[in-house]
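Asks: Here you go, sequence then predicted model.
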Amino acid sequence: MQRRNFTELLLASAAMRGPAPSPRGLARQGRIFPLTAMEKKAGVVPSDYAQPPGAPERYGSVGDGVADDTSALSTAIACNDSLTFSPGSIYAVTTVRFPVGRHFFVYFNGAALRGISKTRTDCIVRLETEGSTFLAYDIDMAFNRNYACGTWWYNAEASSQYNAVFGMTHRYGSRGLVYGELPGRASTKFAQSENVIFGFRTRGVQNPFHGNHQNGVLFFSQAMFVSHDEEWPDNAGFDWRAARAFENHAGLVHLEGGEIQLAATTEGYAADLSQCRLHGVIIETSEPLRITGDSVRIAGGRTLMTRDDRPQFLIEPSLTGTLGLDAVSFYRPPGVGSYSNEPLVDARRASPDFEVRIDGGESVEWRWSQVGAGVKLVAGGRTRYRNHLLKMTSADPSAYVLSTGGESLLEARRVDRMGYTTDGWYLDNPGGTGELAATRNVGPPGFPPSQLTLTCRGATAAWTADPGAIRATAISVRAGELYWVEARARLCSGRNARMLARFFTIDLKPLPDLVLADSCSIDASWKAVEAPYCVPRDAAYMALGVRLDAGLLQWTDFRLKSCS
């Protein structure tokens, strides 16, 4: 028997029953609906017995979007667990509440709730429920700035769990859904978890979603978080600086598919992310995604940064923790990578221990150059790459596969990469003014006190191959091969520190040195110096090294890997 998912079964069941009659349709059939047990218990006297229980019109609702239906809606909620609205109706309310302790089934049925409060009000709808289901949920904020949000999903006194919303729409307001406490407040200890929204939509909403509940998990499926000023009047005050397509500040939010989009501004941030799991999400922005907390994981999907003067991710100052980017495709417009110096991830103000993990995926038009501009995919913090495909620009047609750590090709050459000894290193000292030594000074964090030290009063270099015995000590290469070199380096004093690759033809004629990194990325503090590069035409042998015009240079953990 063929398996069918929940959505298919729901649609099939609805098809067998036929179209659900609306409350007004039932009334036109001349039916009379007597008092229910819940109405009797609540002491409610319907104003229109021709309307079925659960219809707001039974309790006096007008549904024209103007008349105040707050009392009618509140009464309907108080004495019905199942509510069905009339299609096309707009129920104008100041605020209504779905309380805890009830398992509601609410079918909006093409209707909407509109906020008409004339004073400051927390929300149009307050959700405190457990085990409830909402279908085609639709909130119209009508550009009413008196509301803190359209929907406030929060219960400060008890747990709100196991609710499902099939289709949730907010339109024309500053803030759509707040999950947890209102912005700026701390949430309670009660679990607000195991809740799910299938299909989240907004139109003309400045801040579609704000997550702020520490003890809980909210699941979204195929949600569209779009911040845009559609149909906003000129004087309505849409604030691009405060706008965010998505915000999560406390608690875990899991997104499956869908989109995050804020691509029509030149200020602010596209999103504030903390404790999020994004799987297969499409992201399109003109401003960075700001990482404000630990444990953000993005897997699959695609990001597009539409501008050339912004990073895709900006890490908050002094932030610790990790950002995981797994199998994500990162794009910018064609040609941007030939000139833009912006990194994919800007972690320069984060804690030095903040770690970015890029596993698989690809980056297109995000530049890498540690010469002159000192640009690489991640600026600041620590970075781990695993099989990431780097495609920079038409100026460099190569596609590099980046992986940090692991075995170095220099191990086979018996090159001491850590600086315990000077084995495998050769001093190129034409003026006799330089010295190469293995020293025992403090190394980078997490490394032993050992490094190679080059001291010189004139231009001096240290190589991984003997200039007098190239065939015996250099690495045999072929033009077009791609390599990745990495090290930890520190310029203690002096000037013009560089990391170089030197090439020779098959007849041992020297080719111009290739500068892999210069003083823009080698300075007075220990830095991770990394560079992908392509073996030039006519090259047959390769050596790697460092060069210094004068002063003292230290380095350790010098690795070479193929990234073809």
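Replies: Here it is on my side, so go on. Numbering: from 1, shown residues only.
Asks: how far away is residue 167 from residue 161?
Replies: According to C-beta to C-beta, to the nearest Å, residue 167 stands 20 Å off from residue 161. For glycine as for every other residue, the C-beta is placed from the backbone atoms N, C-alpha and C.
Asks: Looking at these two, which one has more neighbours?
Replies: Between residue 167 and residue 161, residue 161 has the larger neighbour count (other C-beta atoms under 10 Å), namely 18 against 15.
Asks: ok, that one - contacts?
Replies: By C-beta atoms under 8 Å, 6 or more residues apart in numbering, residue 161 lies in contact with 130-131, 191-195.
Asks: any idea which of those has the most stuff around it?
Replies: Taking other C-beta under 10 Å as the neighbour criterion, residue 192 ranks highest of those with 30 neighbours.
Asks: Who's the closest spatial neighbour of it, skipping the chain neighbours?
Replies: With C-beta to C-beta, 6 or more residues apart in numbering as the criterion, residue 192 has its nearest non-adjacent residue at 3.9 Å, and that residue is residue 216.
Asks: Next, residue 39: phi, psi?
Replies: phi -70, psi -40 (degrees, to the nearest 10).
Asks: Now do the contacts for it.
Replies: 45-46, 53, 79 are the contacts of residue 39 under C-beta under 8 Å, 6+ apart.
Asks: That one and residue 339: what is the separation?
Replies: 71 Å.
Asks: again, but for residue 138
Replies: 46 Å.
Asks: higher neighbour count, those two?
Replies: Comparing residue 138 with residue 339 by neighbour count (other C-beta under 10 Å), the higher total belongs to residue 138, at 21 against 11.
Asks: my read: that one touches residue 108, true?
Replies: Yes: counting by C-beta atoms under 8 Å, residue 138 does reach residue 108; the two are 5.3 Å apart.
Asks: related to what we said a few turns ago, mark which of the contacts of residue 39 are buried, thanks.
Replies: With neighbours counted using 16 or more other C-beta atoms under 10 Å, the contacts of residue 39 contain these buried positions: 46, 53, 79.
Asks: So which residues of this protein form helices?
Replies: Using DSSP state H, the helices of the chain run over 6-17, 23-28, 37-42, 70-78, 470-473.
Asks: Report the rounded mean pLDDT for the longest one.
Replies: On average, the pLDDT along helix 6-17 is 49.
Asks: Quote the end-to-end distance of stretch 126-137.
Replies: Separation of the first and last residues of stretch 126-137 by C-alpha to C-alpha, to the nearest Å is 13 Å.
Asks: and that stretch, which residues are buried?
Replies: Those buried within stretch 126-137 under the rule 16+ other C-beta under 10 Å are 126-130, 132-137.
Asks: pLDDT averaged over that stretch, what's the number?
Replies: 97.
Asks: Run the chain-centre distance for it.
Replies: Mean-position distance between stretch 126-137 and its chain equals 28 Å (C-alpha atoms, centre = their mean, to the nearest Å).
Asks: Please apply the same query to stretch 192-207.
Replies: Taking mean C-alpha positions (C-alpha atoms, centre = their mean), stretch 192-207 and its chain are 17 Å apart.
Asks: Just the CA atoms of it, as PDB, please.
Replies: Extracted C-alpha coordinates of stretch 192-207, given in PDB (Å, rounded to 0.1, in the frame of the first residue of the first chain):
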ATOM      1  CA  GLN A 192       7.000  26.600  25.200                       C
ATOM      2  CA  SER A 193       8.100  23.800  23.000                       C
ATOM      3  CA  GLU A 194       7.100  21.100  20.400                       C
ATOM      4  CA  ASN A 195       5.100  23.700  18.500                       C
ATOM      5  CA  VAL A 196       5.100  23.800  14.700                       C
ATOM      6  CA  ILE A 197       4.100  26.200  11.900                       C
ATOM      7  CA  PHE A 198       3.600  24.800   8.400                       C
ATOM      8  CA  GLY A 199       3.800  27.700   5.900                       C
ATOM      9  CA  PHE A 200       4.500  31.200   7.400                       C
ATOM     10  CA  ARG A 201       3.800  34.200   5.300                       C
ATOM     11  CA  THR A 202       3.900  38.000   5.700                       C
ATOM     12  CA  ARG A 203       3.200  41.000   3.500                       C
ATOM     13  CA  GLY A 204       4.300  44.500   4.400                       C
ATOM     14  CA  VAL A 205       5.700  43.500   7.800                       C
ATOM     15  CA  GLN A 206       8.900  45.100   9.100                       C
ATOM     16  CA  ASN A 207       9.900  42.300  11.500                       C
END
